[in-house]
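Chemist: below are the sequence and a predicted model for it; my questions follow.
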Number of protein chains: 2
Amino acid sequence: MADVARASGVSVMTVSYALNRPERVAAHTRQRVLETARRLGYSGPDPRARSLRRRISDCLGVVLGEQLRYAFDNPMVTRFLAGISDELVQSGEALTIISTAGGDRDRDRVTAAAVDAFVVWSTATDDPALLAAIATGRPVVVQGGPQLPGTQCVSIDDRAAAYAITEAAFATSRRPAVLSFPLTQERTPGIGYGFDPGSTTYPVTEARLRGIADYCQARQISNDEVLVSVAARNDESHGREAARALLAQRPDAVMAMSDELARFLLEEASASGLRVPDDIAVTGWDDEPSAARLGLTTVAQDLRAQGAICARLALGRQTENPYAPWHVMHRTTTRGA
Amino acid sequence: MADVARASGVSVMTVSYALNRPERVAAHTRQRVLETARRLGYSGPDPRARSLRRRISDCLGVVLGEQLRYAFDNPMVTRFLAGISDELVQSGEALTIISTAGGDRDRDRVTAAAVDAFVVWSTATDDPALLAAIATGRPVVVQGGPQLPGTQCVSIDDRAAAYAITEAAFATSRRPAVLSFPLTQERTPGIGYGFDPGSTTYPVTEARLRGIADYCQARQISNDEVLVSVAARNDESHGREAARALLAQRPDAVMAMSDELARFLLEEASASGLRVPDDIAVTGWDDEPSAARLGLTTVAQDLRAQGAICARLALGRQTENPYAPWHVMHRTTTRGA
DNA sequence: CTGAAAGCGCTAACAG
DNA sequence: CTGTTAGCGCTTTCAG
């Protein structure tokens, strides 16, 4: 920029103005400056210097946890990112994806990101990456939860939705079961009767367990009658393993915490010759495209819309923040109430 | 940082060293500095100032063209991004997605991005966003093409692959046809006989048309005998429209430029009661998951691997850059040669 | 309408 | 091992 100023015989400030505030500089001067800039191959202000001075990066950071390292493989995450993208494209901000790797350096990755605000995908209450984002003092919006001081949270009412889908799953059931996400960051898989919502560090999982407990209470089912199989991860190998463990106990109704887990269960069930929903009712969560194909009864929520809302909140374009809408999509994997 | 220095009674440099070069500072001093930093809620060097000074952002920019604004909707793009992400996660760089919107400001979006290098998804030769990336003087790697001075290009040999897949598509054909991507940035749809590779501004499309022409020449088919239907966009409505226009002319073999276009054609063909491959042979391009389901003969390439290569080249971790591998995946939508 | 001064927060380079 | 100096490239503020 100094070069351009020298070459066009004006001060650096005039160049800056010519580039950023056309109205504050005479048309002919501006013309000359722009001309010189082009001639010298100057391609505009250095973004690093500019953002240091202006204290704005025009960039939104999205923090994706360890298990989402391959974010682009997960349809729900990509839908969420698409929603954020929708919002940013119009206004010209960029989107920086900060993938954490589960190590000590995750904190640094977040701290080192030159972004104006953070959007964090649902994580554990004590996730260091989330804490690092909060520590920067910049706005933090979390999808799903946790809801910590210094953050906003965009989410459906997981507890209410869990109640409703559990009702669809467990109707007429005598041997109800849950195919669950991990309860702690150790991601211990396992199977057994009973569950304690208070003992999980993932707020979304906790809320869903509470919803299940609410339903059980209404139906006068003890938590200890509910068989719970925990998948270490929401992926194929762990999912199938947890599904098989569950089926070995012959449940007649399974509330699965994601459409993917439900899909694995349906496939394993069909391989065992079980009829759905007569022998076993199954529900999912999210209503991803495969759910319609499978006839899966599931909780429908619009993650794309939630992505856009997260972006707007993070950038201060919106302040009100009610629960996002959801509904139970009744299909053919459940028995009518 | 100045506050931390003052509060711990050392110079700013010592704080900087304590944070960045643990080995250059006495253990106890470092301890004290870190302690003070924590106490003051100082969460590490300001990334903007640091990147200005170090001239490094630890961030790779990915430029996605206008038609990819909803990048996360497109499975090939997400696979490519996943590959880039694979490479970055290990070394801790972030990934900034710069979505262009097709307007004048696209240039600025690219120029304003604080990234160390650019990866650009296949675009037109005169795409302003690409030119802006090159103008920054930072490394630019383009997937697919164009191959301009100042850039590296990661791609399969589209021309050779087009020859091979056209051979699979057109074997025994008497009424060959192509279902093509747009030829120019105007994206004019249309249908007619003949094609001229030289007249398209999309290098990938051009290379494929050249491959088709090569095959026609080998078979002694004139380009003018080939029916070409151009889809304005690679999406459902435009794709179906172009497919229907093509079917109305009763081709017996169609080389489609993407699996998606091929899928629309197959669906329309089946709706018209055509048998595949007997009445009409169809080929796709990319071998996305749906291709296997459909039994689609297609060009298989690994975009995830190409993404990783783009990232490595852009960050200077790799210099050699041969054509990426590809092969024709023969399935059931084509007649044996 | 244009310019001079000051400094954003940090680190490279070089003393001590 | 620690400190001083200088300056990254820009824009805010205030004066002409």
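Modeler: Arrived safely, thanks for sending.
Chemist: relative to DNA strand D, how far out is A:A135?
Modeler: 24 Å (C-beta to the nearest atom of the strand, to the nearest Å). C-beta here means a position set from N, CA and C on the backbone, and glycine is covered the same way.
Chemist: neighbours of the residue lying closest to that residue once chain neighbours are set aside, how many?
Modeler: Of all residues not flanking A:A135 in the chain, B:S43 sits nearest, at 4.0 Å (C-beta to C-beta, 6 or more residues apart in numbering or on different chains). Neighbour count for B:S43, taken as other C-beta atoms under 10 Å in any protein chain shown: 19.
Chemist: what strand or helix carries B:S43?
Modeler: Assessed by DSSP states H and E, B:S43 sits outside every helix and strand.
Chemist: please apply the same query to A:R293.
Modeler: Using DSSP H and E, A:R293 falls in helix A:289-294.
Chemist: what's that helix in contact with?
Modeler: The contact list for helix A:289-294, computed with C-beta atoms under 8 Å, 6 or more residues apart in numbering or on different chains, reads A:75, A:259-260, A:262-263, A:266, A:284, A:296, A:298, A:329, A:331, A:333.
Chemist: now, those that are in strands?
Modeler: Within those, residues falling in strands by DSSP state E are A:298, A:329.
Chemist: from the contacts of helix A:289-294, keep the buried residues only.
Modeler: Buried by 16 or more other C-beta atoms under 10 Å in any protein chain shown: A:75, A:259-260, A:262-263, A:266, A:284, A:296, A:298, A:329, A:331, A:333, out of the contacts of helix A:289-294.
Chemist: pLDDT check: weakest of those residues?
Modeler: Among these, A:P75 carries the weakest pLDDT, at 85.
Chemist: tell me where the stretch 51-200 of chain A has helices.
Modeler: A:75-91, A:106-111, A:128-135, A:158-170 (DSSP state H, counting those that start in this stretch).
Chemist: now for the closest residue in space to A:R219 that isn't next to it in sequence: which residues touch it?
Modeler: Closest residue in space to A:R219, ignoring its immediate chain neighbours: A:F170 at 7.1 Å, by C-beta to C-beta, 6+ apart. Contact analysis of A:F170 by C-beta under 8 Å, 6+ apart lists A:176, A:215, A:219, A:221, A:253, A:255, A:281.
Chemist: ranking the residues you listed by neighbours, who comes first?
Modeler: A:M255 (34 neighbours).
Chemist: that residue belongs to a strand?
Modeler: Yes. A:M255 sits within a strand when classified using DSSP: H, G, I helix; E, B strand; the rest coil.
Chemist: now do it against B:E186, distance only.
Modeler: A:M255 is 52 Å from B:E186, where distance means C-beta to C-beta, to the nearest Å.
Chemist: and for A:I97?
Modeler: 33 Å.
Chemist: coming back round to it: pLDDT score for the residue nearest to A:R219?
Modeler: In the prediction, the pLDDT value recorded for A:F170 is 97.
Chemist: ok, now the one 5 residues further on?
Modeler: What the model reports as pLDDT for A:R175 is 97.
Chemist: A:Q185 now?
Modeler: 85.
Chemist: excluding chain neighbours, what is closest to the residue of the stretch 201-337 of chain A found nearest DNA strand C?
Modeler: Nearest residue of the stretch 201-337 of chain A to DNA strand C, counting by C-beta to the nearest atom of the strand: A:G316, 19.5 Å away. Counting by C-beta to C-beta, 6+ apart, A:G316 lies nearest to A:P139, which is 6.9 Å off, once chain neighbours are set aside.
Chemist: report the residue ranges of every domain in chain A.
Modeler: Domain segmentation of chain A under automatic domain parsing yields A:1-45, A:158-300.
Chemist: out of those domains, deepest packed?
Modeler: domain A:158-300 (a mean of 20; mean count of other C-beta atoms under 10 Å in any protein chain shown).
Chemist: can you tell me which of the contacts of A:F170 end up in strands?
Modeler: A:176, A:253, A:255, A:281.
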